[in-house]
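Colleague: Provide a 3D model corresponding to the input given below.
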Amino acid sequence: MARIVNANTALSLCRVSAFILPGTPAATFAWHNALEKEDGKSARQQSPQTKEKASTPIKPSPRGQGKERARARAADMGIVETWVREKPIRTFLARLSSQSAAAFSASASTSSAAADGESGGADGGIPQLSSIANSVVSRCSGILALATENLQQSFEADFPDNRKEPSTYARELLEYCCHKALHAVTTRPDYLADKNLRRLMFDMMLAWEHPGAEDGLLENGLTLHNAVEIEDEDEGSIFYANSTSLAVQVNDMKTVGLRAFTRIAPSCPIIADLVTVHNLFDALTCSSGGRLHYFIYDKYLKSLDRVFKSVKGIMQSPLASSFHLNAGECILAVEGDRPIHPVLQHIGISAWPGTLILTTHALYFQSIRVGYGDKTIKYDLATDSNQVIKRDFTGPLGVRLFDKAVMYKSSTLTEPIYFDFPELGEPSRRNYWLAITREVMQVNKFIRKFNLEDIQKAEALSKAILGILRYSAVKEAFHIAPSHFKTTLTFSLAEKLPKGDMVLEALYNNYFQLLDTPLSHFTTAAVNRTSKTHTVPFALYALSRMGFILLNRKDETEKEISFCAACVGVTKSLEATLEESFCYSERIEAARATVDQVKVEGLDANLALMQELLFPFIQVGKLIHSLTKWEDPVKSFLFLAFILYIIKSGLFNYTVPSVFVLSATVMLWQKYSGEGKLLEVLDVTAPPSKNPVEQILILQEAISKLEETLQAVNIALLKFRAILFAAVPKTTQTVAVASLAAAALVILTPPRHLLLMVVLEVYTREMPLRKQNTEKFRRRIREWWARIPAAPVQMIRPNENKKKI
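Modeller: Residues are numbered from 1 along each chain as shown. So this is what the prediction gives:
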């Protein structure tokens, strides 16, 4: 009797825990602990003979013999103990978890079974669609308060050409229903916090990958096969499984690919943007092999919801009201308001802590100065003042030590401003602020370039705001900050991408240029007349739903915008431009990887590599130099005769084109003769290694030679200055007469004859007949040059007192 009571107690505890948290590890742990307690009590009540039998090792037996022994022991054990030993614990827990999760999902109207390929459209579904697609369309029709048949008829009426394409009919119909439902359901300002909507959007992506009826049959077969495999897996323990693997199993073991994500996610401009949706998918799937899991997608949306609430809280705080922001100006980020994350502003050798605020138009720094109160400085980012912002080094008293700062300068500032973000480890705060500040600068540059005004300007700023908030959400949720070609900031990506100017032009021509009608004019009746010539400010409309007001209009009211008007901004021209740009960026990244591999360190190593690359040209130069020295008179004379013949016959005009033709011939020969062959590795003899002291001495010697060269150049310029301003009248007169004679010679002599004279003069200087006269002439020139005094110079030291604030 005690055994049965203990078993019932364990079973009751299992049911209670499963009811409270169905399908969670807490329920399974509670059930498992109850069984362990019941087994412990039973073990303490056993007789010594039983304990001895239990301590002896049990030999493995066949499955049939094990079942007979289990039935024989059923009379001595409780009902729960017998059932547990006959049924594998893992199979029971898997079924208990799936049944409880299915019941909970059904009660919450999430229809999670649709993700597993189960029928969601009942008997009245669309025959061309798969079961999961029918389930999604059924839920979309419920959101729109339309029957499924009416929704299908509306699609065929709006897009009659798609009925002629059976291969794409199912997918086009599914996209139509998804876009209309998402547009209707995202009118609520808190839809990101709706778990059912997040699940519905992921189901839409799953259905997009398997929209047709034949896809549904294949998907059902795969689902059943996977279920059988899981049920037969009895090895290991579920209590020690990896949390990520367990989360994947709970989330139906389904993943979404890039194409599905890029077709569904941009329907909600808050979640994704057409320009950066590929990079956003890469950021979300960087650790899952290019497939998006539901729990990752859900985590991203939760983080995005928190970021939106945080920004809205800042906008409604006293901090925002104290800055007296302009109309349509929105605060995007605040840093330095907490002591653990300070921000320092460096001007010269002065540094002051304070709060840094970024808005859609400017940077604000509110310094904290003891005895002076708070002082707010505004750095305008919306004006064209040759602004530059980049990463830089800072340190105490102006010493460049720590790579944790951002340098900002413009034509309105007398000297650069440095914002220091001190932290341990990598400069993640600095990189984040650098990225979002550049995005604000780029969007304002885009506005100035295309002269956007009113609603067009507000839409551009809305796109930048949404991009920054998505960037923040990814950074906070997954602690990653995509950079360069992988950034999720729209205008920064267009600036960095190859042919990014064409992307911006396509975005303007196919979207912003059509934004010339107020939102209040977009009624349902007027959509068919305006959808071909106008479009809707998609991002601005989405932000206004979330409570962000960037454009104040008295005549603007909340109207229902149809699917056609909402999605007209996404054109094939923009998609084609983006695809071409992304293709070029992949090639650039591949080339950049090879560049990083061949970089060598050290001055000697780089000089050795350069000499090896320029070896043919160096040899040709040495050969010509030896001919001009007349070391072998016969070769020198023949080369001179050849040069004079080329100049006299007029073939010299074809010298440069001949070089280009020869280069092209060599390249084409290498292309077709060596097709399929890898480029041979260039072998370079490394210079002997030097210790740090020798390297410092070599560097010091190189700096000394450079200084001597600069001194000689400056002295020559000062002597020319003295000649020009007649500091030595006789020398000035001589140079003036020589200049007049040279001018007359150039005017009266044909260019070909001038070239012959120059070649003969330069080439025959070292000729045995002219060598002695050449040396005398050079000596007289050096003596004449030495007699010319240099113009006076006075170095004025600037005021070393740095500006202090």
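
Colleague: contacts and neighbour counts: CA atoms only from here.
Modeller: Noted.

Colleague: measure Lys671 to Ala664 for me?
Modeller: Lys671 is 10 Å from Ala664, where distance means CA to CA, to the nearest Å.

Colleague: brain fart, Met767
Modeller: Met767 is 37 Å from Ala664, by CA to CA.

Colleague: higher neighbour count, those two?
Modeller: Met767 (17 against 12; other CA atoms under 10 Å).

Colleague: now the helix or strand where Val620 lies: average pLDDT?
Modeller: Per DSSP states H and E, Val620 falls inside helix 615-628. Helix 615-628 carries an average pLDDT of 92.

Colleague: and Asp403, which of the three is it?
Modeller: strand (DSSP: H, G, I helix; E, B strand; the rest coil).

Colleague: same check on Gln345?
Modeller: Strictly by three-state DSSP, Gln345 counts as strand.

Colleague: OK, contacts around it?
Modeller: Ala351, Trp352, Pro353, Gly354, Ile417, Tyr418, Phe419, Asp420 (CA atoms under 8 Å, 6 or more residues apart in numbering).

Colleague: ok, Val275 next?
Modeller: Here Val275 is in contact with Thr490, Leu578 (CA under 8 Å, 6+ apart).

Colleague: you'd agree it is in a strand?
Modeller: No - Val275 is assigned coil when assessed by three-state DSSP, not a strand.

Colleague: centroid-nearest residue for this protein?
Modeller: Geometric centre of the chain, nearest residue: Thr487, 1.6 Å, by CA atoms, centre = their mean.

Colleague: who's in contact with stretch 375-393?
Modeller: 361-369, 400-412, 430-431, 434, 438, 440-441, 444-445.

Colleague: in helices only, show me those residues.
Modeller: Members of those lying in helices (criterion: DSSP state H): Arg430, Asn431, Leu434, Arg438, Val440, Met441, Asn444, Lys445.

Colleague: what residues sit buried inside the helix or strand containing Lys719?
Modeller: Here Lys719 is covered by helix 692-724, with elements defined by DSSP H and E. By 16 or more other CA atoms under 10 Å, the buried positions in helix 692-724 come out as Ala716, Leu718, Lys719, Phe720, Arg721, Ala722, Ile723.

Colleague: so where's the stretch 301-450 of the chain shaky on pLDDT?
Modeller: 369-374 (pLDDT under 70).

Colleague: what are the contacting residues of the host helix or strand of Ala608?
Modeller: If you go by DSSP H and E, Ala608 is part of helix 603-613. When contacts are defined by CA under 8 Å, 6+ apart, helix 603-613 is touched by residues Val600, Ile618, Val684, Thr685, Ala686, Pro687.

Colleague: now stretch 471-484: average pLDDT?
Modeller: Stretch 471-484 comes out at a mean pLDDT of 86.

Colleague: buried stuff in that stretch?
Modeller: So for stretch 471-484, counting by 16+ other CA under 10 Å, buried means Tyr471, Ser472, Ala473, Val474, Lys475, Glu476, Ala477, Ile480, Ala481, Pro482, Ser483.

Colleague: could you check the angle the helix holding Lys719 makes with helix 603-613?
Modeller: If you take axes from the mean of the first three to the mean of the last three CA atoms, to 10 degrees, helix 692-724 sits at 70 degrees to helix 603-613.

Colleague: what is helix 692-724 packed up against?
Modeller: Counting contacts by 3 or more CA pairs under 8 Å, 6 or more residues apart in numbering; DSSP states H and E, helix 692-724 is packed against helix 729-748.

Colleague: restrict the helix or strand just after the helix it packs on to CA atoms and write it as PDB.
Modeller: Moving toward the C-terminus from helix 729-748, the next helix or strand (DSSP H and E) is helix 751-763. The C-alpha coordinates for helix 751-763 follow below in PDB (Å, rounded to 0.1, in the frame of the first residue of the first chain):
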ATOM      1  CA  PRO A 751      60.000  69.600 -81.500                       C
ATOM      2  CA  ARG A 752      61.700  66.700 -83.300                       C
ATOM      3  CA  HIS A 753      64.900  68.600 -83.600                       C
ATOM      4  CA  LEU A 754      64.700  69.700 -80.000                       C
ATOM      5  CA  LEU A 755      64.400  66.100 -78.900                       C
ATOM      6  CA  LEU A 756      67.400  65.100 -81.100                       C
ATOM      7  CA  MET A 757      69.500  67.800 -79.400                       C
ATOM      8  CA  VAL A 758      68.400  66.700 -75.900                       C
ATOM      9  CA  VAL A 759      69.200  63.100 -76.600                       C
ATOM     10  CA  LEU A 760      72.600  63.900 -78.100                       C
ATOM     11  CA  GLU A 761      73.500  66.200 -75.200                       C
ATOM     12  CA  VAL A 762      72.500  63.700 -72.500                       C
ATOM     13  CA  TYR A 763      73.800  60.600 -74.200                       C
END
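
Colleague: picking that back up, farthest-apart pair in the contacts of helix 603-613, please.
Modeller: Largest separation among the contacts of helix 603-613 by CA to CA: Val600 and Ile618, giving 21.7 Å.

Colleague: now the helix or strand hosting Lys648: how far from the chain's centre is it?
Modeller: Using DSSP H and E, Lys648 falls within helix 633-649. Per CA atoms, centre = their mean, to the nearest Å, the displacement of helix 633-649 from the mean C-alpha position of its chain is 60 Å.

Colleague: ditto for stretch 417-427
Modeller: With CA atoms, centre = their mean as the basis, stretch 417-427 stands 21 Å off its chain's centre.

Colleague: same question, stretch 192-206
Modeller: Worked out by CA atoms, centre = their mean, stretch 192-206 lies 25 Å from the chain centre.

Colleague: next one: stretch 202-217
Modeller: 30 Å.

Colleague: now that stretch: buried residues?
Modeller: Residues 202-213, 215-216 are the ones in stretch 202-217 that count as buried (16+ other CA under 10 Å).

Colleague: for the ones in helices among the contacts of stretch 375-393, work out which two are farthest apart.
Modeller: Arg430 and Lys445 (22.3 Å).

Colleague: the two: which is more packed in?
Modeller: In this view Arg430 and Lys445 are compared by other CA under 10 Å, and Arg430 has more residues nearby, 21 against 17.

Colleague: which residues touch that one?
Modeller: Counted by CA under 8 Å, 6+ apart, Arg430 has contacts Arg391, Lys404, Ala405, Val406, Asp420, Phe421.

Colleague: out of those, the closest to Ile646 would be?
Modeller: The shortest gap between Ile646 and any of these belongs to Arg391, at 55.3 Å (CA to CA).

Colleague: name the SS class of Ser287, please.
Modeller: Under three-state DSSP, the three-state class of Ser287 is coil.

Colleague: who's in contact with it?
Modeller: Ser287 neighbours (CA under 8 Å, 6+ apart): none.

Colleague: buried residues of the helix holding Ala608, list them for me.
Modeller: For helix 603-613, by 16+ other CA under 10 Å, it's Asp604, Ala605, Leu609.

Colleague: that one: how far from the chain's middle?
Modeller: The answer for helix 603-613 is 35 Å, by CA atoms, centre = their mean.

Colleague: stretch 316-335 too?
Modeller: Using CA atoms, centre = their mean, the offset of stretch 316-335 from its chain centre is 27 Å.

Colleague: go on, stretch 711-720?
Modeller: Remark: stretch 711-720 is offset 51 Å from the chain centroid, using CA atoms, centre = their mean.

Colleague: likewise for stretch 732-744?
Modeller: For stretch 732-744, the distance to the chain centre is 63 Å (CA atoms, centre = their mean).

Colleague: just stretch 647-654 next, same as before
Modeller: Its chain's average C-alpha position is 55 Å from that of stretch 647-654, according to CA atoms, centre = their mean.
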